[in-house]
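**Student:** Here is my input, please return the structure:
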Amino acid sequence: MTANAGHRIAAVTACVSGVAHTYMAAERLEKLCSQEKWSVRIETQGALGIECELTDEDIRQAEVVLLITDIELSGMERFEQCRYVKCGINAFLRDPQKVMSAARKMLSAPQHTHLILD
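**Tutor:** Just a heads-up that it's a prediction; the model follows:
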């Protein structure tokens with residue numbers, strides 16, 4: 001899933017069952033990034049495994065990574081050197097603007113900055 005222009009964002013969405021909420025969050029994030037004129041690459045982790053897996057290049061080019069998950073992500077070590085915002089999938093679906101606001105702030109944060117939202 002991708003959208004074009006502006007800042008570059010990478011994201012991973014994953015929920016406990018790995019079905020509906022994973023894809024709902026990815027779809028919502030894609031729309032929000034489109035409104036912001038941001039380019040986004042979204043990996044989903046769920047019942048079907050990893051789909052649209054982020055490449056090393058996707059992660060390296062991302063100005064901010066959004067980890068929207070209620071489970072432990074496969075390959076979490078890929079993001080240790082990145083700026084990232086991590087939040088639960090239900091929190092994102094209830095208040096996506098909170099996450100987008102945090103992402104905006106992270107654009108100017110030092111590399112390796114990690115923000116975990118409740």
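**Student:** for the helix or strand harbouring residue 10, packing partners?
**Tutor:** Element membership for residue 10, per DSSP states H and E: strand 8-14. Contact partners of strand 8-14 among helices and strands, from 3 or more CB pairs under 8 Å, 6 or more residues apart in numbering; DSSP states H and E: helix 20-36, strand 39-46, helix 56-61, strand 64-69. (Glycine included, C-beta is placed from N, CA and C.)
**Student:** what separates stretch 57-72 from the chain centre, distance-wise?
**Tutor:** 5 Å (CA atoms, centre = their mean, to the nearest Å).
**Student:** quick one: buried residues of it?
**Tutor:** Residues 58-59, 62-70 are the ones in stretch 57-72 that count as buried (16 or more other CB atoms under 10 Å).
**Student:** and the residues you listed as CSV, adding pLDDT and distance to residue 32?
**Tutor:** Below are the buried residues of stretch 57-72 laid out as CSV (pLDDT from 0 to 100; distance: CB to CB, whole Å):
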residue, pLDDT, distance to residue 32
58, 97, 18
59, 97, 20
62, 96, 16
63, 96, 15
64, 97, 13
65, 98, 15
66, 98, 10
67, 98, 15
68, 97, 11
69, 94, 17
70, 89, 19
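**Student:** quick one, which of the helices and strands packed on strand 8-14 is packed in tightest?
**Tutor:** strand 64-69 (a mean of 24; mean count of other CB atoms under 10 Å).
**Student:** Residues contacting that one, please?
**Tutor:** 7, 9-15, 25, 29, 45, 59, 73, 76, 79, 82-89, 92, 99, 103, 106-107 (CB atoms under 8 Å, 6 or more residues apart in numbering).
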